[in-house]
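A.B. asks: no sequence on this one, just coordinates:
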């Protein structure tokens, strides 16, 4: 599993104008005053949700369109703890054994038997979190895997041959073959969220049998799905009040206003000290910023990059902060363990044949000027995405090829890719196929003579800066005769549109939800969820048998060599179009509110750590 996410800071102006507009971007926020600490008097904290993004799926079992960070990080994991928690005390992406509800797994010598021991946690209804609650989730996953957006054919749960519970706190899994222990822990066991017996029902007062048998899961799935769609009753539905995390719902409004109160039965090591935690929605970055700078309603929010008072120092580390124009708050850039890209729909009957041509993807990638965007338009905040492994934080997984970027910005290279493969390039006009066919120097299979490079690209409309970034891409692409018809849409619309599809109804072409992919809860960046043929979140239906073999190798073998072989091959093959990976947000933290940093690299909120200083 993983999360499609939106990123808050975006570009101030089109890349073709970046140097000229930087000073204009910076000047807007100069001299802004704020006070901060709005919640201190009542011992509460209010968190500003990303612009035009609201939680809309409470059950921690979701289809691909409901797997966004707004649901997992901002709603589910506050109340329902996964088996393993990721994000260490230094803000790194490693497993956090202290906050996990299970001890780290042990593996048999042959690698095929995995033993998990639960810690003594309880549900808020007084029942213990038991091995059967883990089996409940696994039975649901096995029975309804096609309805789980994280499902990868041949992997979890297909690779589990038996599940045993020797006692109430022990689960023993037998796998069909030996796997990399790190991969299995991070990307298979990391998916599991125990589910309480209270959820094993087919209706009010009607017990189900999914916790003990996959045969009983269909009826339970149908009922829980219906309840998860009933947003107005989230806070009053007794199902969702049974939690094992530090928080429970006090109120929920489908417009995004959400209130949590402490779960007094929480058995974890860090218990809430706040009396209440609030999430507040905003229709745009500007709307949020107007409230933030007033200093009376937001305790943890974000500043749009166009409202910064100046760029960060040249050469500063990605997480370093530049000047902060708002007094009373601390500026703390938040980076996720993520890559940023937008997918192409390879199964679109009209344009899919073009997307399947590597030379076209090379041409389109070559018109994305990542460094100019980062260093000029986004005030120096951000890192490039050159392949499937995050370039930040630094790790031994990052190859020299990905660091160097195999497809740097070059309009001339983009033009050459097209003209060398049968296209007549018309700068600021319409580039068309003039040599149809499948031979060398021809356009490729399924591309007719006269076919134009004209496409629809829908992008996240929540921030104006995303729109200007797309306008920049449109402008750059036009210089080699590629026409991009861009249009904005809400985040939930984009993630609901960009799903795997087939046939005449498979009409979407390019979708950019603004934030690519956060590696959570598949925390090891091996790619089976995103790029393996048939994977649930392989939304564009990319398929390359050679890449599939390399992905499978990363699942079975440990070490950097196997990861870098996959990484380099995928960086060259361009399954998607890479774009800069900005901070998830430029977080503004009210003075006196402690425990917000270090921020979790998977965007998970931990307000149980937050406290007001005396």
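C.D. replies: Ah, there it is. Computed from a predicted model, the values in this text were never measured in an experiment.
A.B. asks: if I look at residue 371, how far off is residue 300?
C.D. replies: To residue 300, residue 371 is 31 Å away according to C-beta to C-beta, to the nearest Å. For the C-beta atoms, the positions are set from N, CA and C on the backbone; glycine is no exception.
A.B. asks: Comparing those two, which residue is more hemmed in?
C.D. replies: Neighbours were counted for residue 371 and for residue 300 using other C-beta atoms under 10 Å; residue 300 has more, 24 against 14.
A.B. asks: Without its sequence neighbours, what residue ends up closest to the more buried one?
C.D. replies: Distances taken as C-beta to C-beta, 6 or more residues apart in numbering place residue 47 nearest to residue 300, at 4.8 Å, with adjacent residues excluded.
A.B. asks: Surely that neighbour is in contact with residue 292?
C.D. replies: No: contact criterion C-beta atoms under 8 Å: residue 47 and residue 292 do not qualify, at 11.6 Å.
A.B. asks: Near residue 475, how many other residues are there?
C.D. replies: Number of residues near residue 475 (other C-beta under 10 Å) recorded here: 16.
A.B. asks: what helix or strand is it on?
C.D. replies: Assigned by DSSP states H and E, residue 475 belongs to helix 464-478.
A.B. asks: and the angle for the helix or strand just after that helix with helix 464-478?
C.D. replies: For helix 464-478, the following helix or strand on the C-terminal side (DSSP H and E) is strand 483-489. Note on geometry: by axes from the mean of the first three to the mean of the last three C-alpha atoms, to 10 degrees, strand 483-489 and helix 464-478 are set 170 degrees apart in direction.
A.B. asks: mind listing the strands for the stretch 201-350 of the chain?
C.D. replies: Assigned strands in the stretch 201-350 of the chain, in chain order: 201-203, 206-207, 247-252, 258-262, 276-280, 300-302, 329-334, 338-339, 341-342 (criterion: DSSP state E, counting those that start in this stretch).
A.B. asks: Let's have these in a markdown table, adding mean pLDDT and distance to residue 180.
C.D. replies: As requested, the strands of the stretch 201-350 of the chain are exported to a markdown table (pLDDT from 0 to 100; distance: least, C-beta to C-beta, whole Å):
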| stretch | mean pLDDT | distance to residue 180 |
| --- | --- | --- |
| strand 201-203 | 98 | 38 |
| strand 206-207 | 98 | 39 |
| strand 247-252 | 98 | 34 |
| strand 258-262 | 98 | 37 |
| strand 276-280 | 98 | 37 |
| strand 300-302 | 97 | 37 |
| strand 329-334 | 96 | 29 |
| strand 338-339 | 95 | 20 |
| strand 341-342 | 96 | 25 |
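A.B. asks: can you put the ones you listed in JSON lines and add distance to residue 432?
C.D. replies: Converted to JSON lines, these look like this (distance: least, C-beta to C-beta, whole Å):
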{"stretch": "strand 201-203", "distance to residue 432": "58"}
{"stretch": "strand 206-207", "distance to residue 432": "62"}
{"stretch": "strand 247-252", "distance to residue 432": "52"}
{"stretch": "strand 258-262", "distance to residue 432": "51"}
{"stretch": "strand 276-280", "distance to residue 432": "50"}
{"stretch": "strand 300-302", "distance to residue 432": "44"}
{"stretch": "strand 329-334", "distance to residue 432": "44"}
{"stretch": "strand 338-339", "distance to residue 432": "33"}
{"stretch": "strand 341-342", "distance to residue 432": "24"}
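A.B. asks: Which positions in stretch 346-361 come out as buried?
C.D. replies: Residues of stretch 346-361 classed as buried: 346-348, 351-357, 359-361 (neighbour count, 16 or more other C-beta atoms under 10 Å).
A.B. asks: Could you list which of those belong to helices?
C.D. replies: Applying DSSP state H to the buried residues of stretch 346-361, the entries found in helices are 352-355, 359-361.
A.B. asks: hmm, which two among those residues are most spread apart?
C.D. replies: Within these, 352 and 359 form the most distant pair, 15.3 Å apart (C-beta to C-beta).
A.B. asks: partner residues bridging the closest residue in space to residue 596 that isn't next to it in sequence?
C.D. replies: Closest residue in space to residue 596, ignoring its immediate chain neighbours: residue 589 at 4.9 Å, by C-beta to C-beta, 6+ apart. Counting by DSSP bridges, residue 589 is bridged to residue 300, residue 330.
A.B. asks: What is the neighbour count of the residue nearest to residue 300?
C.D. replies: Residue 47 has 21 neighbouring residues, counting by other C-beta under 10 Å.
A.B. asks: and it, what element?
C.D. replies: If you go by DSSP H and E, residue 47 is part of strand 44-48.
A.B. asks: returning to that earlier point: for the residue nearest to residue 596, grab the count of nearby residues.
C.D. replies: 21.
A.B. asks: Just to check, it is in contact with residue 333?
C.D. replies: No: if you go by C-beta under 8 Å, residue 589 and residue 333 don't touch, sitting 11.5 Å apart.
A.B. asks: tell me, what's touching residue 47 and residue 292 both at once?
C.D. replies: Applying C-beta atoms under 8 Å, 6 or more residues apart in numbering, one finds that residue 47 and residue 292 are jointly contacted by 298, 301.
A.B. asks: re earlier: so who does the residue nearest to residue 300 touch?
C.D. replies: 277-280, 298-301, 605, 607.
A.B. asks: Buried subset of those residues as a PyMOL selection?
C.D. replies: A single PyMOL command selects the buried members of the contacts of residue 47 (16+ other C-beta under 10 Å):
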select buried, resi 277+278+279+280+298+299+300+301+605+607
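A.B. asks: which among the contacts of residue 47 gets closest to residue 234?
C.D. replies: residue 279 (12.6 Å).
A.B. asks: Next, the contact list for the closest one, please.
C.D. replies: Taking C-beta under 8 Å, 6+ apart, we find residue 279 in contact with 46-47, 49, 55, 74, 256-260.
A.B. asks: of all those, which two lie farthest apart?
C.D. replies: Set against one another by C-beta to C-beta, those have their most distant pair in 46 and 55, with a gap of 15.3 Å.
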